[in-house]
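Visitor: Predicted coordinates and the sequence they were generated for:
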Amino acid sequence: MIIAVDGPTASGKGTIAKALAAHFGLPHLDTGLLYRAVGRQVVLNGGDPDSEDDAAAATRFPDSLLADPELRSETCGGLASRVSIHPAVRAALLERQRAFARQPGGAVLDGRDIGTVIAPEAGVKLFVTASVEARAQRRYLEMRERGIDATLETIAADLAARDERDRNRSQAPLRAADDAVLLDTSRLDRDAAIAAAIALVDRALG
Ligand code: DC
């Protein structure tokens, strides 16, 4: 069984995907991490994230980079969003994600284009959303916990800019697959969002 979990930044899709994987005993791939690694590698190479050639070269990052905590930073999130618009980058990461999705027994993948491009055959597709205000508030609390200084306004502006770029790129833009089930987490805490997602998957599986 393949479970596709797509949605914008800070919607809760990562937390939900991880919890679904644990609940259904499936391996999980956070595909955003691959784009973050490309963004980080471009910088390590001294390249330009807006250059398709530089970004494509950075897709040959070493696997060890995936364990770098720096990948979780807002800076890497922004770089990932920029490198992810290049068709050559998306093409280079495609097979790795498809192979993960199609492993025997199935998998849970979260990202932006899992239900539409990577695994259109997925048995269950969730599209997780939340208002910009709710997502900015979550990110703000998360960053404060990690001791990072930021204002709610700058976080909200940054989220909106990333949404805009992810939704409007020509290749594999962020959008819900026609057969995806929507889950709005704006008014749900972590546990309620996970419970709702498990219930939706159970229902989709009949
Ligand atoms: O989910 P995330 O915040 O880690 O993703 C970072 C960026 O990577 C996101 O802004 C767009 C890109 N991305 C993508 O284009 N396709 C995916 N399947 C996952 C992430």
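Guide: Noted; the coordinates are in hand. Numbering: from 1, shown residues only.
Visitor: what's the longest helix along the chain in contact with?
Guide: The helix spanning the most residues in the chain, taking DSSP state H as the definition, is helix 152-168. Counting contacts by C-beta atoms under 8 Å, 6 or more residues apart in numbering, the residues outside helix 152-168 that touch it are 8-10, 74, 77-78, 81-82, 84-85, 112, 132-133, 135-137, 139-140, 143, 173-175. To be clear about C-beta, it is placed using only N, CA and C from the backbone, and glycine gets the same treatment.
Visitor: Quick check: PyMOL command selecting the buried ones in the residues you listed.
Guide: Only the buried members of the contacts of helix 152-168 end up in this PyMOL selection, burial being decided by 16 or more other C-beta atoms under 10 Å:
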select buried, resi 8+9+10+74+77+78+81+82+84+85+112+132+135+136+137+139+140+174
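Visitor: which of the contacts of helix 152-168 are close to the ligand?
Guide: Among these, the residues within reach of the ligand (C-beta under 6 Å from any ligand atom) are 9, 77, 81, 84, 112.
Visitor: What is the nearest of these to residue 184?
Guide: Of all these, the one with the least separation from residue 184 (C-beta to C-beta) is residue 9, at 15.2 Å.
Visitor: Next, the residue positioned nearest the centre of the chain: phi, psi?
Guide: The structure's the chain has its C-alpha centroid closest to residue 111; by C-alpha atoms, centre = their mean the separation is 3.3 Å. Backbone torsions for residue 111, taken as degrees, to the nearest 10, come to phi 180, psi -140.
Visitor: I'd say it and residue 32 touch.
Guide: Yes - with contact defined as C-beta atoms under 8 Å, residue 111 counts as touching residue 32 (5.9 Å).
Visitor: quick one: residue 173 is in a strand?
Guide: No - with DSSP: H, G, I helix; E, B strand; the rest coil as the criterion, residue 173 is assigned coil and is not in a strand.
Visitor: Chain neighbours aside, what residue packs nearest to the residue nearest to the centre of the chain?
Guide: The shortest distance from residue 111 to any non-neighbouring residue, by C-beta to C-beta, 6 or more residues apart in numbering, is to residue 31 (3.6 Å).
Visitor: hang on, the one you found packs against residue 109?
Guide: Yes - with contacts counted by C-beta under 8 Å, residue 31 reaches residue 109, the gap being 5.8 Å.
Visitor: can you give me the strands in this structure?
Guide: For the chain, applying DSSP state E gives strands covering 2-6, 28-30, 107-111, 124-129, 181-184.
Visitor: Could I get these in TSV, plus columns for mean pLDDT and distance to the ligand?
Guide: TSV is the format used below for the strands of the chain (pLDDT from 0 to 100; distance: least, C-beta to the nearest ligand atom, whole Å):
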stretch	mean pLDDT	distance to the ligand
strand 2-6	98	7
strand 28-30	98	7
strand 107-111	98	2
strand 124-129	98	11
strand 181-184	97	16
